[in-house]
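*Asks:* Task: produce atomic coordinates for the following.
(4 chains)
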2 protein chains.
Amino acid sequence: MRTSESKYCKCLYFTANALARKTEKLAQQSWKRVGLAPSHAYLLMLVLERPGEQPGVLAAELQLSPSTITRLIEKLEEKKLLVRTTDGKMANVYPTPRAKELLPDLYRCRDEFYGSYCDILGRAESARLVQDMGAVADKLVV
Amino acid sequence: MRTSESKYCKCLYFTANALARKTEKLAQQSWKRVGLAPSHAYLLMLVLERPGEQPGVLAAELQLSPSTITRLIEKLEEKKLLVRTTDGKMANVYPTPRAKELLPDLYRCRDEFYGSYCDILGRAESARLVQDMGAVADKLVV
DNA sequence: CTTAATCGTTTGTATGTACAAATATAAATA
DNA sequence: TATTTATATTTGTACATACAAACGATTAAG
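*Replies:* This next block holds a predicted model:
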């Protein structure tokens, strides 16, 4: 169903959520090839780029809550892609060799995802929208 | 944390999700007063406006999957705000008297929510963004 | 008619996410 | 140094949502 068919398309609540769900689905398709959900893949790429970072820092970077990061790390540990070391109250997260091997594939998926929405929306158009949404999200701090 | 502090703010996946989460939170605050989650409240208002509608129709209108609508209805039945009648393979959803009494409060919450984001973003600005996002969501059908 | 395809709904299970409370540790203060 | 306070992380629980399969009833085909 097209968004515009609904009376509720005028409401930020509906529109923001609907767009997020569709984006999520598009991203899931791009990352299906490496068997990872988008959020897992982005966390993994971040850890590969900055090995040893703390969960709290990862949470801030990905704009997710610390508890969500804990949950994502758990899953990636199960898949032998990440390990955690604990030192005092701090934890550090490192990629495994298996994760390092996966990195080129991860980048390919990311490029494919960027490409897929740029193909649909146009490169400039999507950059503009992303910027607008980001600005609004900043203002909307609750 | 501001969205723009993150490297990932350039990605549609992150931005769309972050905006949706912040919008969700803002909406939750507005509807806290009636003790309903935003999605429950919107479904309830829809059923109050169109009593007897079928779950599938409600799903299409709210851009949610039929199974999600089933789950929302269950919760609202627990709260004695909705009832379902089954006729063959079809079901019909009706508001209870209790729900009808709640309607003015629901509208107040909705107005408060609209007001809260219009205050932050400006009325014209938010209308424009909502329209842009809706258009993109339409194009992004997966 | 009787069997097969179809349609609307619900159920089982899973993903993504967060809040509040619990833990554990480190820092600050008395 | 002992005690309070603050900080980082994890755990329990819950919300929001969807997919795939099951179910039940209708419609279509043979």
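
*Asks:* With DNA strand C in mind, check whether the longest helix along chain A reaches it.
*Replies:* Across chain A, the longest stretch assigned as helix under DSSP state H is helix A:97-121. No: with C-beta under 7 Å from any atom of the strand as the criterion, DNA strand C is not reached by helix A:97-121; the gap is at least 13.0 Å. For every residue, glycine as well, the C-beta is placed using N, CA and C.

*Asks:* Tell me the confidence at residue A:5?
*Replies:* Looking at residue A:5, its pLDDT reads 51.

*Asks:* repeat for residue A:125
*Replies:* Looking at residue A:125, the pLDDT reads 88.

*Asks:* Tell me where chain A is predicted with low confidence.
*Replies:* A:1-9, A:142 (pLDDT under 70).

*Asks:* Nearest the middle, which residue of it would you pick?
*Replies:* Central residue of chain A (C-alpha atoms, centre = their mean): residue A:39, 3.8 Å from the mean position.

*Asks:* since we're on the residue in chain A positioned nearest to DNA strand D, how many residues are nearby?
*Replies:* Closest residue of chain A to DNA strand D, C-beta to the nearest atom of the strand: residue A:56 (2.5 Å). By other C-beta atoms under 10 Å in any protein chain shown, the residues close to residue A:56 number 12.

*Asks:* do the same with the one 4 residues further on
*Replies:* Here the number of neighbours of residue A:60 (other C-beta under 10 Å) works out to 15.

*Asks:* can I assume the residue nearest to the centre of chain A sits in a helix?
*Replies:* Yes: counting by DSSP: H, G, I helix; E, B strand; the rest coil, residue A:39 is part of a helix.

*Asks:* which residues sit in contact with it?
*Replies:* If you count contacts by C-beta atoms under 8 Å, 6 or more residues apart in numbering or on different chains, residue A:39 has them with A:62, A:64, A:72.

*Asks:* if you set the cut-off to 7 Å instead, what comes out?
*Replies:* residue A:72 (C-beta atoms under 7 Å, 6 or more residues apart in numbering or on different chains).

*Asks:* got the residue ranges for the strands in chain A?
*Replies:* A:82-87, A:90-95 (DSSP state E).

*Asks:* Dump those to JSON lines, plus distance to DNA strand D.
*Replies:* Listed next are the strands of chain A as JSON lines, based on distance: least, C-beta to the nearest atom of the strand, whole Å:
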{"stretch": "strand A:82-87", "distance to DNA strand D": "5"}
{"stretch": "strand A:90-95", "distance to DNA strand D": "4"}
